[in-house]
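[1] The sequence and its predicted three-dimensional model are supplied below.
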Amino acid sequence: MVRQGFSIFLNYHFGVKYNKIFENMKSNSKKNVNILKGFLLFALIFTTVILCLNSCSKMADNYKPYIKNGEQIFTGKVDSLVAFPGKNRLQLRWLLVSDPKITKCKVFWNNGADSLLVPVQKSDGTDTIKVNINNLTEGLYTLDVYTYDDAGHSSVKAEVTGTVYGENYINSISNRALDSAIYYPDTKDVEIKWFGIGQGAVVMDLEYTDSLGNLVKKQIKSATSYSGVPLGFAETDTLHAFQDSTTFKYRTGYLPVDNAIDTFYTDYREAATILYVPPVIPTTPDNLALNAPTVTGGSASGNAKLTDGDRVSYWQPSSGERAGSNVWFYVDLGAQKTFNSTQLYITKDSKKIIYYEILYAKTESIGNNQTWVRAALVMGDPKSENIQQFSNVTGRFIKINIGLQDAATNIHVGELEVYKR
């Protein structure tokens with residue numbers, strides 16, 4: 001087979017009969033072997049050169065569109081091109097890494113029908129360019145970006161796609177639903193209870209009139225724990241120094257995607273205030289946590305002052321417990337019990353608390369990887385006395401998880417009381 005193939009190669013390229021050469025070689029064995037090796041080496045080199053020439057020809061074909069009118073000079077191409085969605089607009093960002101000759105960039109969209117010229121003052125280093133393209137209709141866009149120098153040379157294009165949001169997206173979002181609004185005449189506070197909130201919601205704006213007649217604007221944002229874990233929105237909020245016989249209004253803001261440059265808001269909605277007299281504090285025997293065993297983050301033996309019935313005596317977390325800006329304790333109610341209210345007394349630095357969670361467990365013991373269920377989440381600025389009501393839950397253990405402003409926050413927790421109202 002090798003002999004036949006080599007014969008075809010020689011006949012095709014040189015018009016030589018291999019059989020004749022081979023027969024002549026037989027007369028002198030050693031010499032002819034060397035000649036045959038030479039022919040084989042020559043054939044291998046010749047074939048390699050032909051294949052390389054053919055490959056280079058195909059590679060050149062890829063550049064024909066850029067050199068069909070002769071040799072061209074190109075400016076440096078933009079790098080790291082990204083599109084950020086917005087409300088009837090897009091923001092483009094890119095880097096100019098090299099080529100100090102660049103003096104301008106140009107953005108094209110709608111198949112080149114629309115464009116935007118961007119003057120550039122190139123520095124010696126890497127430049128970041130940000131461009132807003134406004135007055136766009138809602139939809140998906142493909143944009144091409146070129147660089148230019150003063151001689152009219154341009155770069156090859158950089159391409160990116162981006163989504164523009166508008167009325168269609170606004171019509172798809174909804175304001176957060178209000179469960180109830182309770183006014184406490186003695187403190188002039190309004191406690192708001194919310195239902196769930198839509199996906200993509202990042203902020204809520206509230207407006208009300210305070211007891212001095214001033215307009216107050218309050219903004220509530222989605223929260224994260226000290227370790228960066230998303231906590232979402234609290235189920236309750238409080239409006240302080242609220243003017244009696246008035247109302248408040250609220251709206252919800254959304255981001256369609258994480259890197260959107262605009263927040264999309266619902267219309268404001270007014271809420272009616274419900275006048276409400278706070279319940280009488282239950283008698284001591286109704287406190288399910290009274291004298292119950294406790295466990296804290298710093299000691300398995302816990303601290304008996306948390307449930308001793310004395311709201312003045314207190315538990316102070318150690319510096320080691322506060323190192324992660326988070327402290328906790330849990331109480332063993334002794335059996336499965338149904339409850340729907342807690343009273344937590346914080347006698348020092350309560351305003352340095354970011355949030356606290358009320359958790360419970362239905363198990364008969366607490367393990368290393370215990371799963372806790374959240375009964376309520378209270379965001380920011382608790383008072384010395386914190387009465388928190390929630391739907392009925394049943395469990396043997398109740399846990400309070402407190403997020404601190406920082407590790408130096410030295411709180412005192414006087415008492416945890418648990419009730420079924």
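    Thanks, I have the structure now.
[2] Geometric centre of this protein: which residue is closest?
    D258 (5.8 Å; C-alpha atoms, centre = their mean).
[3] any chance you could map the helices in the stretch 51-200 of the chain?
    Secondary structure of the stretch 51-200 of the chain (DSSP state H, counting those that start in this stretch): helices at 167-170.
[4] could you pull out the strands for it?
    Along the stretch 51-200 of the chain, the segments classed as strands by DSSP state E, counting those that start in this stretch run 79-85, 90-96, 102-109, 114-119, 127-133, 139-149, 158-164, 178-184, 189-194.
[5] quick one: pLDDT of the residue nearest to the centre of the chain?
    Here the pLDDT value assigned to D258 is 92.
[6] same question, V295
    pLDDT recorded at V295 is 93.
[7] Likewise for the one 5 residues further on?
    Note for A300: predicted pLDDT of 64.
[8] Likewise for Q243?
    In this model, Q243 is scored at 91, pLDDT.
[9] secondary structure element for the residue nearest to the centre of the chain?
    Under the criterion DSSP states H and E, no helix or strand holds D258.
[10] Quick one: residues contacting Y356.
    By C-beta atoms under 8 Å, 6 or more residues apart in numbering, the contact list for Y356 reads 344, 378, 382, 386, 400-403. Backbone N, C-alpha and C define where each C-beta goes, glycine included.
[11] and if we set it to 6 Å?
    Counting by C-beta atoms under 6 Å, 6 or more residues apart in numbering, Y356 touches 378, 402.
[12] Would you mind measuring from it to N111?
    Distance of Y356 to N111, computed by C-beta to C-beta, to the nearest Å: 56 Å.
[13] One more: D127?
    According to C-beta to C-beta, D127 stands 28 Å off from N111.
[14] between the two, who's got more neighbours?
    D127 (14 against 8; other C-beta atoms under 10 Å).
[15] Run through the bridge partners of that one.
    Residues in a beta bridge with D127, per DSSP bridges, are L96.
[16] Isn't it up against V97?
    No - judged on C-beta atoms under 6 Å, D127 makes no contact with V97 at a distance of 8.3 Å.
[17] returning to that earlier point: can I get the strands of the stretch 51-200 of the chain in CSV including mean pLDDT and distance to V203?
    Converted to CSV, these look like this (pLDDT from 0 to 100; distance: least, C-beta to C-beta, whole Å):
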stretch, mean pLDDT, distance to V203
strand 79-85, 97, 17
strand 90-96, 97, 20
strand 102-109, 97, 30
strand 114-119, 96, 31
strand 127-133, 96, 22
strand 139-149, 97, 26
strand 158-164, 97, 21
strand 178-184, 90, 16
strand 189-194, 92, 14
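[18] Distance to F390 for those - can I get that in TSV?
    Formatted as TSV, those follow (distance: least, C-beta to C-beta, whole Å):
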stretch	distance to F390
strand 79-85	38
strand 90-96	42
strand 102-109	52
strand 114-119	54
strand 127-133	45
strand 139-149	44
strand 158-164	40
strand 178-184	11
strand 189-194	9
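[19] Looking at these, which is nearest to G302?
    Judged by C-beta to C-beta, the one of the strands of the stretch 51-200 of the chain that comes nearest to G302 is strand 189-194, at 30.4 Å.
[20] Can I get the closest one in CSV? Just the C-alpha atoms.
    The C-alpha trace of strand 189-194 is given here as CSV (Å, rounded to 0.1, in the frame of the first residue of the first chain):
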residue,chain,number,x,y,z
ASP,A,189,-46.8,55.2,67.1
VAL,A,190,-48.4,53.4,64.2
GLU,A,191,-47.5,49.7,64.0
ILE,A,192,-47.9,48.5,60.4
LYS,A,193,-48.3,44.8,59.5
TRP,A,194,-47.6,43.8,55.9
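[21] Just the buried positions in stretch 177-184, please.
    181-184 (16 or more other C-beta atoms under 10 Å).
[22] just those residues now: which is nearest T142?
    Nearest to T142 among those, counting by C-beta to C-beta, is A181 at 48.1 Å.
[23] if I pick that closest one, what's in contact with it?
    Applying C-beta under 6 Å, 6+ apart, the residues near A181 are 190, 192, 271, 273-274.
[24] Most neighbours among the residues you listed, please name it.
    Result: V190 is most packed of the contacts of A181 (other C-beta under 10 Å), 26 neighbours.
[25] What segments of the stretch 201-350 of the chain are strands?
    Counting by DSSP E, counting those that start in this stretch, one finds strands in the stretch 201-350 of the chain at the ranges 201-209, 215-221, 223-224, 230-232, 236-239, 248-254, 264-265, 269-271, 274-275, 294-296, 326-348.
[26] D332: what's its closest spatial neighbour, skipping adjacent residues?
    P293 (4.7 Å; C-beta to C-beta, 6 or more residues apart in numbering).
[27] looking at it, the one you found is touching L333, isn't it?
    No - judged on C-beta under 6 Å, P293 makes no contact with L333 at a distance of 9.4 Å.
[28] Counting neighbours, go ahead and name the busier of those two.
    Taking neighbours as other C-beta under 10 Å, P293 and L333 compare with L333 leading, 18 against 15.
[29] ok, which stretches of the stretch 301-421 of the chain are helices?
    Counting by DSSP H, counting those that start in this stretch, one finds no helices in the stretch 301-421 of the chain.
[30] Tally up the residues packed near the nearest residue to Q316 once chain neighbours are set aside, please.
    Spatially, and ignoring its direct neighbours in sequence, Q316 is nearest to H412 (5.4 Å; C-beta to C-beta, 6+ apart). Residues lying near H412 (other C-beta under 10 Å) number 17.
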